[in-house]
Every structure is written in C-alpha cells, then in structure tokens.
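J.: Show me the folded form of this:
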Amino acid sequence: MKKRQIKVSKVEDAKELVSTASKCSFDVDVYYNRMVVDAKSILGVMSLDLSQPWTVQYSGMDMKLENVLDRFALC
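T.: Numbering: from 1, shown residues only. Predicted structure coming up:
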C-alpha cells in the first residue's frame, strides 16, 4: 500500500483526481479525519473539505495517477 499526502484546493482539481483514479484498475481511497471515500466517486470526494490536506492510499502503479498526485503533493 502506498500513501501520499495531497492538498486539493479547487473543484477542477478534485474532478481531475476522480477522473484519473477512475481509470485505475486498483482501489484508490481518500482519507480525511475519520472519513474514507472512494477516490473514483465524485460525490465522495466533493463531500470532503477542500481546504484541508488529504491522504490518498492505493495499491497499484499508474503513472498518470502518480503525476496527478505529484502536482497536489504536500512538500
């Protein structure tokens, strides 16, 4: 399992995360506080607080997903 800390501040960025995660053949989950949502669900992701950092957990390898996570990564 891989975990990455990201910060998504715009609705368009959240949509890009969902679109990219939806193309992955493995599970991608987003954690915030006690909530866990499927990163492939636009309703789930949009229910999270965009002003706070999230943890993304996934088990596979997809370069497009890695690139999106790199863009939103907390340094």
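J.: give me the number of residues near Ser51?
T.: Applying other C-beta atoms under 10 Å, we find 8 other residues in the vicinity of Ser51. Every C-beta, even on glycine, is put in place using the N, C-alpha and C of the backbone.
J.: Check the secondary structure at the closest residue to it other than its chain neighbours for me.
T.: Leaving aside its chain neighbours, Ser51 sits nearest to Ser9 (7.2 Å; criterion: C-beta to C-beta, 6 or more residues apart in numbering). Assigned by DSSP: H, G, I helix; E, B strand; the rest coil, the conformation of Ser9 is coil.
J.: In this structure Ser9 contacts Leu50, no?
T.: Yes - with contact defined as C-beta atoms under 8 Å, Ser9 counts as touching Leu50 (5.9 Å).
J.: The two: who's more crowded?
T.: Using other C-beta under 10 Å, the more surrounded residue of Ser9 and Leu50 is Leu50, with 15 against 11.
J.: Cys24: what's its closest spatial neighbour, skipping adjacent residues?
T.: Excluding the flanking residues, the one nearest Cys24 by C-beta to C-beta, 6+ apart is Asp62, at 4.9 Å.
J.: quick one: contacts for the one you found?
T.: 20, 23-24, 26 (C-beta atoms under 8 Å, 6 or more residues apart in numbering).
J.: List phi and psi for it.
T.: Torsion angles at Asp62 (phi, psi; degrees, to the nearest 10) stand at phi -150, psi 120.
J.: gap between it and Met46?
T.: Between Asp62 and Met46 the computed distance is 22 Å (C-beta to C-beta, to the nearest Å).
J.: Lys40 reaches Val18, doesn't it?
T.: Yes - look at Lys40 against Val18 with C-beta under 8 Å: they come within range, at 6.4 Å.
J.: Give me the distance between Asp27 and Leu50.
T.: 22 Å.
J.: scratch that, Met63 is what I was asking about
T.: For Met63, the distance to Leu50 - C-beta to C-beta - is 25 Å.
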